[in-house]
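A.B. asks: Sequence and predicted model, in that order:
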Amino acid sequence: MDFVENQLLKNLEIKERTGFRAADDLVAPDMKLGLGTGSTAIHVVRRVGERLAAGELRGIRVFATSFQTELACEELGIPHYSLNSPELAGGLDLTIDGADEVDPKGRVVKGGGGALLIEKLAAYNSARYAIVADEGKLVSDLALRFALPVEIIPEARRTATRALEKLGAAVTLREALRKAGPVITEHGNLLLDIRFQTPVEPEDMEERINLIPGVVGNGFFTGRRAPWDRPLIYIGRTGGTVELRN
Ligand code: 5RP
């Protein structure tokens, strides 16, 4: 087995261990549960499916944050509902999701998988919020290395780009793979990936970006105006442990 393949397998184990630990620690019967998107959050979904099949999670009602998560729920027999349904009535007890970057204050950047809009809807309407991430996601400042996604309506491509550049960001339109042209999100929008040259204050920047006309959401999840203050963070370490920060 070559180095790259070995590394991928190791990462897979870390993601699985981290996702399973959060699902075991936090998910309980009768919960209204938001389930996140991505290659780490999918292990939370898998574990919820296993525990449900074992009869441990009666009465659970899930909100899936993307097509990916919805398909996984379907396959695993996890009952999932719209946030507008009487079953969820616009509120969740807990959401568990992945992240692209996590800073020392527990603020995160999300949206690498393009599901930021619904992920934020879940996060900011949950009583509790938990992040599952491997240690490679830990950074001292957000949005310098990994690009912060900003979802915009297509008509705002030029104007929003200009406004983001004025805020000091380098802006790239996210290109699709195996489709010509840009990524079109699950809501028919475009994604601008932006990077700052120097550290920014995430709480302020989250709100300033949202004020740009045509912006529908951005990948800073700072928790300002959310029911929780800081998320619980499960960090998968390469040594095989999972560290819990809260
Ligand atoms: C999707 C997300 C993901 O949670 C984030 O990109 C992390 O994904 P992964 O666990 O695959 O690294 O925000 O929109």
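C.D. replies: Arrived safely.
A.B. asks: What helix or strand is the closest residue to Pro231 other than its chain neighbours located in?
C.D. replies: Counting by CB to CB, 6 or more residues apart in numbering, Pro231 lies nearest to Tyr129, which is 4.3 Å off, once chain neighbours are set aside. Yep, even glycine has a C-beta here, placed from its N, CA and C like the rest. Element membership for Tyr129, per DSSP states H and E: strand 126-134.
A.B. asks: and that strand, what does it pack onto?
C.D. replies: Secondary-structure packing of strand 126-134 (3 or more CB pairs under 8 Å, 6 or more residues apart in numbering; DSSP states H and E): helix 3-26, helix 41-53, strand 92-97, strand 232-236.
A.B. asks: Just to check, Val183 is in contact with Arg174?
C.D. replies: Yes. The criterion here is CB atoms under 8 Å, and Val183 meets it with Arg174 at 4.5 Å.
A.B. asks: Which neighbours do these two have in common?
C.D. replies: Common contact partners of Val183 and Arg174 (CB atoms under 8 Å, 6 or more residues apart in numbering): Gly114, Leu190, Leu191.
A.B. asks: ok, the second one - contacts?
C.D. replies: Going by CB under 8 Å, 6+ apart, Leu190 touches Glu151, Ile152, Ile153, Pro154, Arg157, Leu173, Arg174, Pro182, Val183, Ile184.
A.B. asks: Tell me what it is bridged to.
C.D. replies: Leu190 forms beta bridges with Ile152, as assigned by DSSP bridges.
A.B. asks: where does this protein come near the ligand, residue by residue?
C.D. replies: Proximity of the chain to the ligand (CB under 6 Å from any ligand atom) is limited to residues 36-41, 97-100, 110-116, 119.
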